[in-house]
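**Student:** can't give you the sequence, but here's the structure:
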């Protein structure tokens, strides 16, 4: 637990990011005592999120201040970022000095491509869990997984849970619970279909079919990124 002093949090953004992957955690992080949340990207040009919402980063990889918490969101835009060496270099350079290196959804694949999940337990979106082993990570079927200073969250909405876990790690359970109450986070979904384990088979198959082109592209990008990761690890 830390004292309520200045805390620097970096949310890493890129074209095609899923907005809820970072806006959910942003809401929680911004309410942590003394926290300053930075929207970090390769440039400060406005970015188009997965479904078209425009967002403007406030700092760049080169200009970002020291970060106590790094959080990498996901989305279909991850596919193109798996080969982004500037992003990988930034994550590798900043990870050693961060208290926590974290991800939401398929942001875990970007941590993996940067070599930051090798030997760690982790999770990601249910459609991409099979890709984690390519980067030396062991998948754990939990909504939020903590392994040393790596904290990874499942798909999209799990980002709120992940941020509340981080708030508790940094400031204690009472502070995290106060944030949860302030944002009235009490999920009560109308259907029990938020997991591949509970959703009807026909719904699961429909979602997989709709996602197939993106997953095929991701598989090819993972193969290339994984080859680079292995070559780098074996140096």
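**Tutor:** Cool, got the structure. Note that this is a predicted model, so its numbers are computed, not measured.
**Student:** helix, strand or coil: sort out residue 205 for me.
**Tutor:** Recorded secondary structure, residue 205: helix (DSSP: H, G, I helix; E, B strand; the rest coil).
**Student:** residues contacting residue 220?
**Tutor:** Taking Cβ atoms under 8 Å, 6 or more residues apart in numbering as the criterion, residue 220 is in contact with no other residue. The way it works is simple: take the backbone N, C-alpha and C, and place the C-beta from them, glycine included.
**Student:** now do the phi/psi pair for it.
**Tutor:** When quoted as degrees, to the nearest 10, the phi and psi of residue 220 stand at phi -70, psi -40.
**Student:** now the helices for this protein?
**Tutor:** Remark: helices of the chain, listed N- to C-terminal, are 19-29, 78-81, 85-94, 107-113, 158-171, 173-182, 201-233; assignment by DSSP state H.
**Student:** deepest-packed of those helices, please.
**Tutor:** Sort the helices of the chain by mean neighbour count, taking mean count of other Cβ atoms under 10 Å, and helix 107-113 sits at the top with a mean of 29.
**Student:** for that one, packing partners?
**Tutor:** strand 69-72, helix 78-81, helix 85-94, strand 100-104, strand 121-122, strand 150-153, helix 201-233 (3 or more Cβ pairs under 8 Å, 6 or more residues apart in numbering; DSSP states H and E).
**Student:** swap in 6 Å and give it another go.
**Tutor:** strand 69-72 (3 or more Cβ pairs under 6 Å, 6 or more residues apart in numbering; DSSP states H and E).
**Student:** against residue 194, how distant is the residue in the chain sticking out farthest from the centre?
**Tutor:** When distances are taken from the C-alpha mean of the chain, residue 202 lies farthest, 28.2 Å away, according to Cα atoms, centre = their mean. Using Cβ to Cβ, to the nearest Å, we find residue 202 at a distance of 16 Å from residue 194.
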